[in-house]
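Asker: Need a 3D model of the sequence below.
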Amino acid sequence: MLSPSERPEPTWMIVMRLLRWDKPAGRLILMIPALWAVVLAAGGTPPLLLIGVIVLGTLATSAVGCVVNDLWDRNIDPKVQRTRTRPLASRALSVQVGIVVAVIAFTCAWVLATYLNPLTFWLCVAAVPVIVLYPLAKRVFPVPQLVLAIAWGFAVLISWSAVSCGATPAPTPCLGTATWFLWGATILWTLGFDTIYAMSDREDDRRIGINSSALFFGQNAPHAVGLFLLGTVLLLAATALVLQLNWAFWLTLIVATGIWIWQYYRLCQRTIPHAAYGQLFRQNVWIGFILLAGMIFGSW
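Answerer: A predicted model of the protein is given here:
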């Protein structure tokens, strides 16, 4: 009898790894800006059905992004320590299976989008080229994390418009000033945490000729992250002022700012363990949920 370590991995588990559902941090961190937007747009009490649609929609969209990324990079990932065991890179799954999984995930996302109002539906459509072309950006654009940040920003626009664009009466203006402040905060936050993530791959990316913000900013990458996170704090504060959030939000923003300052200090150290970059990235998931709690209670 084979030991558990010697048994072949079931196909369904390989598909779960393809979708990155074995690593929830990346899925949750996409969901957070969408939840920020739906909570703030609804004044702290969004409809439960809409929350369900947004949660499922972000999972489906994230699945599409992961599979498309791995299809683009199936010949590059084997050369990178962190990604060489991905199912398409290791040939545990065929390209045909990857395409089928991507089509299924895209179909799920499309079905969920039809529940939303026309503007929100077309924002979902507009996000598709950004998601599909992001992996290509690593080959031709010096700061591909900006493309990823724009894709993340669509989560804010889609969720906010789902609440306020088409509702009568609308709880908040349709894509008003607060929306764009939150969009900007999401863009900068994404640039910050994904530059941290990219810092762990610098040597591999340099060797195989892939672009990243960590390589673009070079030795100044920690300072770039610090500026991105500072901008995130300022734009979140501006969002709170426009929406007149109460002390609960400001308390969580102070906590988040303190953690981000500590992260900046950590990144500026002369030596930092390779594993620390992933740890700092994952901390941003908790920061995002802390801020979400502040937005919920701060809106009441």
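
Asker: alpha carbons only for contacts and neighbour counts from here, please
Answerer: Will do.

Asker: buried set for stretch 35-47?
Answerer: Buried residues in stretch 35-47, counted by 16 or more other CA atoms under 10 Å: 35, 36, 37, 38, 39, 40, 41, 42, 43, 44, 46.

Asker: Enumerate every residue touching the fourth one.
Answerer: Going back to what we said before, that points to residue 38. Contacts for residue 38 (CA atoms under 8 Å, 6 or more residues apart in numbering) come out as 46, 51, 156, 159, 160, 162, 163.

Asker: count of residues packed around the third one?
Answerer: Here the number of neighbours of residue 156 (other CA atoms under 10 Å) works out to 30.

Asker: Give me the next element, helix or strand, following the helix or strand containing it.
Answerer: Assigned by DSSP states H and E, residue 156 belongs to helix 144-164. Using DSSP H and E, the helix or strand that follows helix 144-164 towards the C-terminus is helix 177-199.

Asker: buried sites along the helix or strand following that next one?
Answerer: Next along the chain after helix 177-199, taking DSSP H and E as the criterion, comes helix 202-208. For helix 202-208, the neighbour count (16+ other CA under 10 Å) marks 202, 205 as buried.

Asker: Counting by contacts, list what helix 202-208 packs against.
Answerer: helix 213-217 (3 or more CA pairs under 8 Å, 6 or more residues apart in numbering; DSSP states H and E).

Asker: How about the helix it packs on, which residues are buried there?
Answerer: Neighbour count says helix 213-217 has 213, 214, 215, 217 buried, by 16+ other CA under 10 Å.

Asker: Quick check: the third one vs residue 138, distance?
Answerer: Going from residue 215 to residue 138 by CA to CA, to the nearest Å gives 11 Å.

Asker: Please apply the same query to the last one.
Answerer: The span separating residue 217 from residue 138 equals 15 Å under the rule CA to CA.

Asker: For the helix holding residue 156, buried residues please.
Answerer: 144-164.

Asker: How far away from the center of its chain is it?
Answerer: 9 Å (CA atoms, centre = their mean, to the nearest Å).

Asker: got it, and stretch 244-260?
Answerer: With CA atoms, centre = their mean, you get 21 Å for stretch 244-260.

Asker: Just the CA atoms of that stretch, as PDB, please.
Answerer: The C-alpha trace of stretch 244-260 is given here as PDB (Å, rounded to 0.1, in the frame of the first residue of the first chain):
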ATOM      1  CA  GLN A 244     -18.400  61.600   7.200                       C
ATOM      2  CA  LEU A 245     -17.400  58.300   8.800                       C
ATOM      3  CA  ASN A 246     -17.300  58.300  12.600                       C
ATOM      4  CA  TRP A 247     -14.500  57.600  15.100                       C
ATOM      5  CA  ALA A 248     -14.600  53.800  14.500                       C
ATOM      6  CA  PHE A 249     -13.100  54.100  11.100                       C
ATOM      7  CA  TRP A 250     -10.500  56.600  12.200                       C
ATOM      8  CA  LEU A 251      -9.400  54.200  14.900                       C
ATOM      9  CA  THR A 252      -8.900  51.300  12.400                       C
ATOM     10  CA  LEU A 253      -7.100  53.700  10.000                       C
ATOM     11  CA  ILE A 254      -4.600  54.600  12.900                       C
ATOM     12  CA  VAL A 255      -4.100  50.800  13.500                       C
ATOM     13  CA  ALA A 256      -3.500  50.200   9.800                       C
ATOM     14  CA  THR A 257      -1.200  53.100   9.500                       C
ATOM     15  CA  GLY A 258       0.900  51.900  12.400                       C
ATOM     16  CA  ILE A 259       1.300  48.400  10.800                       C
ATOM     17  CA  TRP A 260       2.200  49.900   7.500                       C
END
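
Asker: which other residues reach it?
Answerer: By CA under 8 Å, 6+ apart, the list of residues contacting stretch 244-260 reads 226, 229, 233, 237, 240, 287, 290-291, 293-295, 297-300.

Asker: how about 7 Å then?
Answerer: 229, 233, 287, 290, 291, 294, 295, 297, 298, 299 (CA atoms under 7 Å, 6 or more residues apart in numbering).

Asker: Could you do stretch 179-191 as well?
Answerer: Residues contacting stretch 179-191 (CA under 7 Å, 6+ apart): 33, 145-146, 149-150, 152-153, 156, 228-229, 231-232, 235-236, 238-239.

Asker: shaky segments in the chain?
Answerer: Under the criterion pLDDT under 70, the flagged ranges of the chain are 1-7, 167-168.

Asker: Within the helices and strands, which one has the spatially closest residue to residue 285 that is not a sequence neighbour?
Answerer: Spatial nearest neighbour of residue 285, chain neighbours left out: residue 29 (5.5 Å); criterion: CA to CA, 6 or more residues apart in numbering. According to DSSP H and E, residue 29 maps onto helix 24-41.
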